[in-house]
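S.K.: 3D, please:
(one chain, ligands or ions: 3)
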Amino acid sequence: MSASEIVHVSLGERSYDIVLGQDLIANAAAAINPWLAEKGLGKGTARGVVIADRNVSGHARVVANHLQAAGWDISVAEVDPGEASKNLGMASRLYDALVQLKTDRKTAIIAVGGGVIGDLAGFVAATFNRGLPFIQIPTTLLADVDSSVGGKVGINHPSAKNLIGAFHQPFGVLIDTDCLKTLPRREYRSGLAEVVKYGVILDADFFGWLEQNAEALLEQQPGPLRHAIARSCQLKAMVVEQDEFERTGLRAALNYGHTYAHAFEALAGYGELLHGEAVSIGMVCASRLAERLGRIPAEMTARQIELLKRCELPVAIPENLKVRGPELVECMRLDKKSVAGKLRFVLPTKLGHVELVEGIDEAEVLAVIEAC
Ligand SMILES: NC(=O)c1ccc[n+]([C@@H]2O[C@H](COP(=O)([O-])OP(=O)(O)OC[C@H]3O[C@@H](n4cnc5c(N)ncnc54)[C@H](O)[C@@H]3O)[C@@H](O)[C@H]2O)c1
Ligand SMILES: O=C(O)C(=O)C[C@@H](O)[C@H](O)[C@H](O)COP(=O)(O)O
Ligand SMILES: [Zn+2]
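M.R.: Ligands and ions are numbered 1, 2, ... in the order given. A predicted model of the protein is given here:
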């Protein structure tokens, strides 16, 4: 077993560590206790609620049993798996559970699961009692490389993704790659889309490395897997440190492909397309849009498509999904990057660099969808 590594996210008093390794959750207190102590929550106050879904109840039990054995007063709240659970109704049921448990401001919310659990539990942690300590224990590749880091938490509105939310940084992120051993293959591939995203938006060398290692990553070879997760976390941390609240436009880079993707997810019905699948198609659309506007050569889109295909991700809208036409643009208008009802897109300029662009003709936006 190799040693853990740490990526630090430097955000003043909201700073935290991402600990990455194997065989970590069975000894979670070793990481979590110091995180609580650093933030002024002493050992004697170790109280927590683990929030998980049914598919990860095994991993949640390992965490809960261990924390209990380590002296914590621990409870577990379980929600139904899947994107359809990331809503106000489920948040409300969790609030009820926290009331029942007499949750106080020193009770830590511990999210054990994928991005749905992290976003939902994080949103509840951000809002209950005006904010509870929050710990992320991701169990999907997507959550390892993206959703557990950076503090965006939230729930979907029926009309648009992540419309209701907050910025609520975790006290720490514990990534145990052994959890991925139980993850279905389709879900694993979905996470690869966000990994490819980092290469396109921030790091041409990393994109090249992914081209060299796509098959090894698909096979979950430990070395390449660990490098992909660590590099993704480093890149996300670097962006979040510079623009935590998405004010300057820098953090918007992480939204590459998401203006299209979020509309696909909402219109198809939450859960039909996995988030990473939608992001994969959305990146192809955004890249084609940049091409149509003369911002990049066709070769750059072709390289992305090739890599995404090798990651066994979709690069075109599936025939059976009714996500084309003007209603798609209406849905996109609800995107949080929009200003005064005008769409803004994250578009590549070259491999490893993107820009936030406004004033794009909607006919171009729609033309790209027809081509996808
Ligand atoms: N906050 C952010 O910065 C951010 C970033 C990216 C994505 N997201 C959000 O994350 C969500 C997608 O996250 P996701 O792809 O992890 O989906 P998910 O949380 O729905 O998990 C995928 C599926 O795998 C199951 N699962 C999870 N871990 C497992 C494991 N180890 N073994 C077996 N089954 C397991 C889950 O029960 C679920 O059915 C979307 O809602 C997206 O909007 C948020
Ligand atoms: O952390 C960010 O910032 C991101 O944009 C990461 C995205 O991968 C993620 O899907 C995020 O939830 C999108 O946020 P939203 O505010 O655009 O809904
Ligand atoms: Zn995403």
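S.K.: for the stretch 151-300 of the chain, what spans make up the strands?
M.R.: Remark: strands assigned in the stretch 151-300 of the chain by DSSP state E, counting those that start in this stretch are 152-157, 160-167, 172-176.
S.K.: of all those strands, which one is nearest ligand 2?
M.R.: With distances scored as CB to the nearest ligand atom, the stretch of the strands of the stretch 151-300 of the chain nearest to ligand 2 is strand 160-167 (3.3 Å). Heads up, the C-betas are built off the backbone N, CA and C, glycines and all.
S.K.: and for that closest one, what's in contact with it?
M.R.: Contacts with strand 160-167, where a contact means CB atoms under 8 Å, 6 or more residues apart in numbering, come from 88, 119, 122-123, 126-127, 151-157, 244-245, 262-263, 265-266, 270, 331, 334-336.
S.K.: flag every buried residue along that strand.
M.R.: 160-163, 165, 167 (16 or more other CB atoms under 10 Å).
S.K.: relative to strand 152-157, how tilted is that strand?
M.R.: Angle of strand 160-167 versus strand 152-157, following axes from the mean of the first three to the mean of the last three CA atoms, to 10 degrees, is 150 degrees.
S.K.: within range of ligand 2, give me the residues from the stretch 1-150 of the chain.
M.R.: Proximity of the stretch 1-150 of the chain to ligand 2, by CB under 6 Å from any ligand atom, involves residues 146, 150.
S.K.: residue numbers of the stretch 1-150 of the chain in contact with ligand 1?
M.R.: Going by CB under 6 Å from any ligand atom, the residues of the stretch 1-150 of the chain near ligand 1 are 53, 55-56, 81-83, 86, 113-117, 119, 139-140, 142-143, 146-147, 150.
S.K.: and what of the stretch 151-300 of the chain?
M.R.: Residues of the stretch 151-300 of the chain lying near ligand 1 (CB under 6 Å from any ligand atom): 152, 161-162, 179, 182-183, 187, 190, 274-276.
S.K.: is A77 bridged to anything, and to what?
M.R.: On the basis of DSSP bridges, A77 is bridged to I51.
S.K.: ok, it - contacts?
M.R.: Contacts of A77 (CB under 8 Å, 6+ apart): 49-52, 94, 97-98.
S.K.: can you check K86 too?
M.R.: When contacts are counted by CB under 8 Å, 6+ apart, K86 touches 116, 119-120, 154-156, 270.
S.K.: repeat the analysis, applying 10 Å as the threshold.
M.R.: Shown in contact with K86 (CB atoms under 10 Å, 6 or more residues apart in numbering): 79, 115-120, 123, 154-156, 161-162, 164, 270-271.
S.K.: residues near the nearest residue to M238 once chain neighbours are set aside, how many?
M.R.: In this structure, M238 finds its nearest non-sequential neighbour in L202, 7.8 Å apart by CB to CB, 6 or more residues apart in numbering. L202 has 22 neighbours, counted by other CB atoms under 10 Å.
S.K.: repeat that for the one 10 residues further on.
M.R.: Residue neighbour count, defined by other CB under 10 Å, stands at 9 for Q212.
S.K.: quick one, phi/psi of the most centrally placed residue in the chain?
M.R.: Against the mean C-alpha coordinate of the chain, by CA atoms, centre = their mean, the closest residue is S147 at 2.3 Å. The phi/psi pair for S147 (degrees, to the nearest 10) reads phi -70, psi -20.
S.K.: isn't there a helix covering R105?
M.R.: No - counting by DSSP: H, G, I helix; E, B strand; the rest coil, R105 is not found in a helix; it is coil.
S.K.: for the nearest residue to it once chain neighbours are set aside, give me its contacts.
M.R.: Here the nearest residue to R105 in space, its sequence neighbours aside, is N129; by CB to CB, 6+ apart that works out to 5.1 Å. For N129, the contacting residues are 98, 103-107, by CB under 10 Å, 6+ apart.
S.K.: again, only this time at 8 Å
M.R.: The contact partners of N129, by CB under 8 Å, 6+ apart, come to 103-105.
S.K.: next one: K197
M.R.: Listed by CB under 8 Å, 6+ apart, the contact partners of K197 are 254, 256-257, 279, 283.
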